[in-house]
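Colleague: quick check, what structure comes out for this input:
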Amino acid sequence: MPEDHARKPKIDQAFRVSDGQPVEFEGKTVHLAFGISMKWATSRLAIAFTSSVSKPPQGVCLELSEGDLLVNGSRSPGVCLWADSAPPVVYLEPLIKPTATSTLQVWNCWRGGDGEPQMWRGNAGLLVDLNPGASYRFSCSDGTGHADFTDLIFGLEIQEKTSDPWLEPLPPQTFTLSTDSTHPRSANA
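Modeller: Predicted coordinates:
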């Protein structure tokens, strides 16, 4: 078989070799999931969907290693938010014991033909950019077809929780680009 017709390895094969650790793929550091350290009762999360493809429907999964996430009155250790049905900005409150720290794991998913969530297969992965002030931009490739990190783009911002129940939560800040590139500073730098 000629070399230019050889099948390119998929990202999930690289993750199997690395035991789920970040991998280099086409010059980019790709994550299977990304962990963010969370402290007790000092923060809330704002998730803002920037863009997504409609087929297949795209989503983001969030799960705490200790504690629960409170979203829309429901409490669970993990949630999946779908870009096609969630509001443009979703606020979540981490509920963590006072003596605990927890890791928030973030990864992308998509709906398969049977409507079931799919993840961590084929060319699935995410690029993570860190903006000063505890905000992140995730550019995600679903597992279908070739790697395309524009399948789902969303921001996650860790905000200070307010004690005033009448005060509206702040919308996430706009993710700014660094002056020396077209991408924000990488979370891996």
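Colleague: contacts for the lowest-mean-pLDDT helix or strand in the chain, please.
Modeller: Lowest on mean pLDDT, DSSP states H and E among the helices and strands of the chain sits strand 34-39, with a mean of 87. In this structure, residues lying in contact with strand 34-39 by C-beta atoms under 8 Å, 6 or more residues apart in numbering are 64, 67, 94, 96, 101-107, 126, 128, 136, 138, 156, 158, 187. Bear in mind the C-beta positions are built from the backbone N, C-alpha and C, glycine included.
Colleague: 10 Å instead, please
Modeller: Contact with strand 34-39 is made by 22, 45, 62, 64-67, 69, 94, 96, 98, 100-108, 126-128, 130, 134, 136, 138, 156, 158, 187, as judged by C-beta atoms under 10 Å, 6 or more residues apart in numbering.
Colleague: buried residues in that strand?
Modeller: Phe34, Ile36, Met38 (16 or more other C-beta atoms under 10 Å).
Colleague: can I get it in CSV, CA atoms only?
Modeller: Taking C-alpha atoms only, strand 34-39 is exported to CSV below (Å, rounded to 0.1, in the frame of the first residue of the first chain):
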residue,chain,number,x,y,z
PHE,A,34,-8.5,17.3,32.1
GLY,A,35,-8.3,17.6,35.9
ILE,A,36,-8.9,20.9,37.8
SER,A,37,-8.2,21.1,41.6
MET,A,38,-11.3,22.5,43.5
LYS,A,39,-11.4,23.8,47.1
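Colleague: ok, and what's touching stretch 84-92?
Modeller: With C-beta under 10 Å, 6+ apart as the contact definition, stretch 84-92 has outside contacts at 43-50, 52-60, 62, 64, 68-72, 79-81, 104, 111, 154-157, 159, 169-172.
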